[in-house]
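[1] Sequence and predicted structure are below.
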Amino acid sequence: MAMEATNQPKLRWGELEDDAEDLDFLLPPKQIFGPDENGVKKVVEYKFNAEGNKVKITTTTRIRKLANARLSKGAVERRSWPKFGDAVHEDVGARLTMVSTEEIILERPRAPGSKQDESKAAGDSLAQIGKAGAVLMVCRTCGKKGDHWTSKCPFKDLAQPSDTFMDKPPSAEAPATGAGPQKGAYVPPSMRGGGAERGSGGGTEMRRRNEENSVRVTNLSEDTREADLLELFRPFGHVSRVYVAIDQKTGMSRGFGFVNFVNREDAERAINKLNGYGYDNLILRVEWAAPRTN
Amino acid sequence: MRPILMKGHERPLTFLKYNRDGDLLFSCAKDHTPTVWFADNGERLGTYRGHNGAVWCCDVSRDSSRLITGSADQSAKLWDVQTGTQLFTFNFDSPARSVDFSVGDKLAVITTDPFMGLPSAIHVKRISRDPSDQIGESVLTLKGPQGRINRAVWGPLNRTIISAGEDAVIRIWDVETGKILKESDKEVGHKKGITSLQKSVDGSHFITGSLDKSAKLWDIRTLTLIKNYTTERPVNAVTMSPLLNHVVLGGGQDASAVTTTDHRAGKFEAKFYDKILQQEIGGVKGHFGPINALAFNPDGKSFSSGGEDGYVRLHHFDHDYFNIKI
């Protein structure tokens, strides 16, 4: 009769270490009531569920004594037989009988009904999508968890994975791409994206991409990295690119960055929500990135 | 499941037997003292001191008052189960290999090994209710099979004796006349020596395990082959679940080859097979040597295995064992 316990999604071990260990001491202790004269026993436990909410789990069980009913009269009598032979003077430390420390299972030659189980497992993982728990599957392009892998990202051609998480600011020292890499010609990674963003020449397609639904975030604290920004903006929708400007000499953040959204509406919502939002003791300013006019 | 390990024997186990209520477990080993254990928690209740050689086999009467053991010291002994006192000794001229009480516990069949020029033999002894009236005379002696007779048990209504041994032939003997009624078919029968034989609970069929890496299920009256279970290792012990349609085979490579091969190569598992579909259900590992003895608790909820490593492992099944589907 475990009620809420079954609803709890199975936590992955990686998460368990993060959350459960830190917070379990906050929970009220387990309480056991009974068993009363009807053999009804109640156990009240508290747990954190996947969303981090505290859940009270009440388990009610009835305990019945079966052991005696099963034993025959002769067996009960034999129970009280005195020991004989070598068993009489048995040392206490002899430990002839031990319970195995090892859990032995009946090993199935092949997974029982292997096909069934596989589909079941697949179903489980599908069911976990959208819930916390499917952390292993993170798309590096749009940053969405548990939906698809990076290579399957529907927005992968919109984004440039190469600079999404780059620590270096793209091509601050890159020579002006005045010569302008022709479309289709090789563009060294250091000249992609960032160079195009500055709009100094060709690569109009890239430029369009980078400026599409681009949101400028200013008044960032110095410790803010791209990952932090991604985390901040991801709830609003698919993020295709995050960039934090970093001072080349000091290596410190210059206090502003850009976030590109796949959908314009998401970007709009993010601006509405996060403009004026207090982040790391500073108040963010979030606005549409003005298209560059060179 | 967490098996209970019982380390009461200093030598390899040879035989395991539950009493009818399933509360006592008797174990025989190559050391000289059969031992009785409580079958639920594995606590040692007592030992039966008196043999002077390896004990090969034992049987317990239906009311759990008498124990009979057969030993390599060329004797079979009757014991009082409760006190461990010797009641009677049947002396032979060769080692006693197998013992079995008849239905009603009024007769016992004892097999003896070929020894010093003597052929192997099957002896039927009358067991008296009062041990003071017990006599050592055989009611019947059956001879004929070549090589050791590893096991002989009573057939339905005590009218027949089924024997199996090194010559790989299963024989059904008429107890009245002492004649062979049936012999197993050479074509379908075992190809190598039969190591073990166990009757089903209702006595309608029995299973034999053989060194030819197979176990076979036979009809006890017609001696027709019903099922065949093949495995990868010689079979030393077989048993059948009284509750489910499961057959358990125990074995493993020859003890002399254990140290020369990887421990994983040994296959010292108790292998569970579906009795009807003849398909492997699973294996229970744990022993450090071949399994020599297997026994199912009469309630079908636990089983024990005895190995060359001297341990008895008592397994109480987990709940999910009873819901296994193939």
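    Sure thing, it's come through.

[2] For stretch B:181-192, output the C-alpha coordinates as CSV.
    Only the C-alpha atoms of stretch B:181-192 are listed here, as CSV (Å, rounded to 0.1, in the frame of the first residue of the first chain):
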residue,chain,number,x,y,z
LEU,B,181,11.7,-56.6,-15.3
LYS,B,182,13.0,-53.8,-17.5
GLU,B,183,16.2,-52.3,-18.6
SER,B,184,16.6,-48.8,-20.1
ASP,B,185,17.0,-48.6,-23.8
LYS,B,186,20.6,-48.3,-24.8
GLU,B,187,19.7,-46.0,-27.7
VAL,B,188,17.9,-43.3,-25.7
GLY,B,189,19.6,-44.1,-22.3
HIS,B,190,22.6,-42.6,-20.7
LYS,B,191,26.0,-43.0,-22.4
LYS,B,192,28.1,-42.8,-19.3
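
[3] Strands along chain A, start to end?
    With DSSP state E, the ranges of strands along chain A come out as A:31-33, A:40-48, A:54-62, A:97-99, A:214-218, A:239-246, A:253-261, A:278-279, A:282-283, A:285-288.

[4] cool, the stretch 201-326 of chain B as well?
    B:205-210, B:214-219, B:225-230, B:235-240, B:246-251, B:270-274, B:280-284, B:291-296, B:302-307, B:312-316 (DSSP state E, counting those that start in this stretch).

[5] Just the mean pLDDT for the third one, thanks.
    Which is strand B:225-230. Strand B:225-230 comes out with an average pLDDT of 94.

[6] which other helices and strands contact it?
    Other helices and strands packing on strand B:225-230, by 3 or more C-beta pairs under 8 Å, 6 or more residues apart in numbering or on different chains; DSSP states H and E, are strand B:214-219. The C-beta positions use only the backbone N, C-alpha and C, and glycine is treated the same way.

[7] got the angle for the strand it packs on vs strand B:225-230?
    Relative orientation of strand B:214-219 versus strand B:225-230 (axes from the mean of the first three to the mean of the last three C-alpha atoms, to 10 degrees): 170 degrees.

[8] elements contacting strand B:214-219?
    On a contact count with 3+ C-beta pairs under 8 Å, 6+ apart, strand B:214-219 meets strand B:205-210, strand B:225-230, strand B:235-240, strand B:246-251.

[9] Residue of chain B nearest chain A, please.
    Among residues of chain B, the one nearest chain A by C-beta to the nearest C-beta turns out to be B:T47. It sits 3.3 Å away.

[10] who touches that residue in this structure?
    With contact set as C-beta atoms under 8 Å, 6 or more residues apart in numbering or on different chains, B:T47 has these partners: A:84-87, B:8, B:33-36, B:84.

[11] Out of these, which comes closest to B:F296?
    B:V36 (17.3 Å; C-beta to C-beta).

[12] Okay, and the beta partners of the closest one?
    Beta bridges link B:V36 to B:F26, B:G46, judged by DSSP bridges.

[13] what's the neighbour count on it?
    For B:V36, the neighbour count with other C-beta atoms under 10 Å in any protein chain shown is 31.

[14] wait, doesn't it sit right on B:F26?
    Yes - under the criterion of C-beta atoms under 8 Å, B:V36 is in contact with B:F26, at a separation of 5.3 Å.

[15] overlap in contacts of the two?
    Each of B:L67 lies in contact with both B:V36 and B:F26 under the rule C-beta under 8 Å, 6+ apart.

[16] Show me which residues of the stretch 1-150 of chain A sit near chain B.
    Applying C-beta under 8 Å from any C-beta of the partner chain, one finds that the stretch 1-150 of chain A approaches chain B through A:70-72, A:74-75, A:78-79, A:81, A:83-88, A:90, A:95-109, A:112-113.

[17] ok, now with 6 Å
    With the criterion set to C-beta under 6 Å from any C-beta of the partner chain, the stretch 1-150 of chain A comes near chain B through A:72, A:74-75, A:81, A:83-87, A:96-100, A:103-104, A:106-109.

[18] Now intersect these with the helices, please.
    Counting by DSSP state H, the residues of the stretch 1-150 of chain A next to chain B place A:74-75 in helices.

[19] Would you show me how to pick out the buried ones of the residues of the stretch 1-150 of chain A next to chain B in ChimeraX?
    To isolate the buried ones among the residues of the stretch 1-150 of chain A next to chain B in ChimeraX, judged by 16 or more other C-beta atoms under 10 Å in any protein chain shown, type:
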select /A:74,75,83,84,85,86,87,96,97,100,104,106,108
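
[20] Which residue would be the closest one in chain A to chain B?
    Distances between chain A and chain B by C-beta to the nearest C-beta are smallest at A:G85, namely 3.3 Å.

[21] is it true that that residue touches B:G84?
    Yes - the pair A:G85 and B:G84 passes the contact test of C-beta atoms under 6 Å, sitting 4.4 Å apart.

[22] looking at chain B, which helix or strand does the model trust least?
    Each helix and strand of chain B was given a mean pLDDT (mean pLDDT, DSSP states H and E); the minimum falls on strand B:280-284 at a mean of 90.

[23] quick revisit: want to throw the helices and strands packed on strand B:214-219 into a markdown table with mean neighbour count?
    Written out in a markdown table, the entries for the helices and strands packed on strand B:214-219 read as follows (neighbours: other C-beta atoms under 10 Å in any protein chain shown):
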| stretch | mean neighbour count |
| --- | --- |
| strand B:205-210 | 25 |
| strand B:225-230 | 16 |
| strand B:235-240 | 26 |
| strand B:246-251 | 27 |
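
[24] Can you pull the poorly scored residue ranges out of the stretch 201-326 of chain B?
    Low-confidence segments of the stretch 201-326 of chain B (pLDDT under 70): B:254-267.

[25] Chain A contacts on that one?
    Counting by C-beta under 6 Å from any C-beta, the residues of the stretch 201-326 of chain B close to chain A are B:280, B:282-284, B:286.

[26] out of those, who has the most neighbours?
    Ranking those using other C-beta under 10 Å puts B:V284 first, with 24 neighbours.

[27] okay, now B:S132: neighbour count?
    The tally of other residues near B:S132 (other C-beta under 10 Å) stands at 7.

[28] Then B:K285?
    Applying other C-beta under 10 Å, I find that B:K285 has 16 neighbouring residues.

[29] Let me see the domain layout of chain A.
    Under the TED database, the residue ranges defining each domain of chain A are A:23-87, A:211-288.

[30] do you know which of the ones you listed lies nearest B:M240?
    If you check each of the domains of chain A against B:M240 by C-beta to C-beta, domain A:23-87 wins as the nearest, at 21.4 Å.

[31] Report pLDDT for residue 5.
    Unless you meant another one, I'm taking chain A. As summarised for this prediction, A:A5 has a pLDDT of 46.

[32] should've been chain B
    Reading off the per-residue confidence, B:L5 sits at a pLDDT of 93.

[33] The nearest residue to B:Q279 once chain neighbours are set aside: neighbour count?
    On the basis of C-beta to C-beta, 6 or more residues apart in numbering or on different chains, the spatially nearest residue to B:Q279 that is not a chain neighbour turns out to be B:I326, at 5.8 Å. In terms of burial, B:I326 registers 11 neighbours under the definition other C-beta under 10 Å.

[34] Kindly report the same for A:G251.
    Here the neighbour count serves as a burial measure; for A:G251 (other C-beta under 10 Å) it reads 9.

[35] so what pLDDT did it get?
    According to the model, A:G251 scores 78 on pLDDT.

[36] still on that earlier bit, if we take the contacts of B:T47, which one ends up nearest to B:A237?
    Using C-beta to C-beta, the shortest approach to B:A237 within the contacts of B:T47 belongs to B:P34, at 16.8 Å.

[37] Where does pLDDT dip in the stretch 51-200 of chain A?
    Under the criterion pLDDT under 70, the flagged ranges of the stretch 51-200 of chain A are A:64-70, A:91-94, A:110-138, A:140-141, A:143-147, A:153-184, A:189-200.
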